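**Q** show me the folded form of this:
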Amino acid sequence: MSQRTQLQRRSTLYSVSLALFVLPLLSATLFGAEHLVVNFDNIGAEEGITVPGAAEFEIFDTKWQGGVVTTALAGEAIASGSAAWLVGPGGGQITLGAPVVSVQLFYVHGPTEQRGTAQLLDADGNLVGTLQSRPETVAGDPGNYVDIELDRPASLITFSSGVVDAVTLKFVPTAAPQPEFVRGDCNGDGTTDIADVVRLLVDLFVTPTPRTCADACDHNDDGTLNIGDAVTALEMLFGSAGPLPGGSSCNTDITPGDPLDCGGYAHCP
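**A** Take a look at the predicted model:
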C-alpha cells in the first residue's frame, strides 16, 4: 500500500473521529465572548479563512502568523483530520485578541520531527506557561491534547514547531458594568437632603425597608450601613465636611469590592 493511500485512509479515520469529538463545539466559535474554539475545517465562521495554504489570518481578533493551514495529505505530522495549522520553520505565533486564562491544543509532532514547544507570554512579554507537543497517534486520542490553566493571563502564544488543531481559548471573564448612582441619595428621590438621613435612621433603628441601591446609603463608603453614615451625611449637609466619597454627581462605586452593591438607580444614565 502506497504512503499516499495510507495517509488517505488514515485521514478518513481521523476526520470521522475528530468530527465526533468537536461536533458539539462547531467551528471557530466564540461562546459569549469567553471561549474561542478553532478547528481548521473551513466551515461556519472559519469559511474562507482556514483554507489550505492560508499563511496569515485572523479569527475574532485572534491573529495567526508563522504557519500555514495544510491538509492531511501534506505530511505525516497531520493527525487531526482534514486540515491543521503547520508551524513554519521559523516558528509561529497566535496574537490573542484578549487575554486568556486557559488553553487547550491538539498539538502533535510526527515520528521524524522534534518535539515542539509552545510558550505563553503575558502583555509584557513575560513567560507565564509552557506546553509541549505530543507524538501523533490518532484523532480523538486524549494523548494528542495538551492544556494549561494560567495563574496570570497570556496575550501571546509562540510555537517552535509542530502541528496545531482544535484550539480552545478561555478568555479573562469580563466584569459586568457597574451602575452609576449618587452617594447620599438614600431614599432614591434624586436629591441629597435631610430626608435621606431620616430614611437611613428609620432603616437602622425602626423598620428596615427593601432598597435597590445600598451603596447610595453608605455615605462614608466604609462598606457597612451604620450610625456613622448618618453622621457623615449631616456633616456634609451642614457644611462641616466636604463632598461624600465619589462626589455629589452620578458615579460608580469607588470601592467595588465592599459587601454593598447597587442593583439599579433611576436618576443616572
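**Q** burial of Ala233, as a residue count?
**A** 25 (other CB atoms under 10 Å). Using the backbone N, CA and C atoms, a C-beta is placed for each residue, glycine as well.
**Q** what's the helix or strand where Ala118 lies in contact with?
**A** Assessed by DSSP states H and E, Ala118 sits inside strand 117-121. The contact list for strand 117-121 (CB atoms under 8 Å, 6 or more residues apart in numbering) reads 103, 105, 107, 127-133, 146, 148, 150, 154-162.
**Q** recalculate using a threshold of 10 Å.
**A** Residues outside strand 117-121 that contact it (CB atoms under 10 Å, 6 or more residues apart in numbering): 87, 91-94, 96, 100, 103, 105, 107, 126-133, 146, 148, 150, 152-162, 164.
**Q** what are the ranges of the strands in the chain?
**A** 29-31, 35-38, 57-59, 62-65, 67-71, 83-87, 92-109, 117-121, 127-132, 134-135, 145-159, 163-171 (DSSP state E).
**Q** list the contacts of Gly162.
**A** Counting by CB under 10 Å, 6+ apart, Gly162 makes contact with 67, 77, 84-87, 92, 105, 107-110, 113-118, 131-134, 136.
**Q** one more time with 7 Å
**A** Contact analysis of Gly162 by CB atoms under 7 Å, 6 or more residues apart in numbering lists Val87, Tyr107, Val108, His109, Gly116, Ser133.
**Q** which of those sits closest to Glu180?
**A** Tyr107 (45.5 Å; CB to CB).
**Q** what is the least confident helix or strand in the protein?
**A** helix 3-22 (a mean of 36; mean pLDDT, DSSP states H and E).
**Q** got the CA positions of stretch 55-74 in PDB?
**A** The C-alpha coordinates for stretch 55-74 follow below in PDB (Å, rounded to 0.1, in the frame of the first residue of the first chain):
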ATOM      1  CA  ALA A  55      -0.400  31.600   6.000                       C
ATOM      2  CA  GLU A  56      -1.600  34.600   8.000                       C
ATOM      3  CA  PHE A  57      -5.200  35.100   9.000                       C
ATOM      4  CA  GLU A  58      -7.400  36.400  11.800                       C
ATOM      5  CA  ILE A  59     -10.400  34.900  13.600                       C
ATOM      6  CA  PHE A  60     -12.300  37.000  16.100                       C
ATOM      7  CA  ASP A  61      -9.400  39.400  16.600                       C
ATOM      8  CA  THR A  62      -7.000  36.500  17.200                       C
ATOM      9  CA  LYS A  63      -4.100  36.600  14.700                       C
ATOM     10  CA  TRP A  64      -2.200  33.600  13.400                       C
ATOM     11  CA  GLN A  65       1.200  34.100  11.900                       C
ATOM     12  CA  GLY A  66       4.300  32.000  11.000                       C
ATOM     13  CA  GLY A  67       2.500  28.800   9.900                       C
ATOM     14  CA  VAL A  68       0.300  27.500   7.200                       C
ATOM     15  CA  VAL A  69      -3.000  25.600   7.000                       C
ATOM     16  CA  THR A  70      -2.200  22.300   5.400                       C
ATOM     17  CA  THR A  71      -4.200  19.200   4.500                       C
ATOM     18  CA  ALA A  72      -3.800  15.700   5.900                       C
ATOM     19  CA  LEU A  73      -2.100  14.600   2.800                       C
ATOM     20  CA  ALA A  74       0.600  17.200   3.100                       C
END
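**Q** I am finished for the moment; much appreciated.
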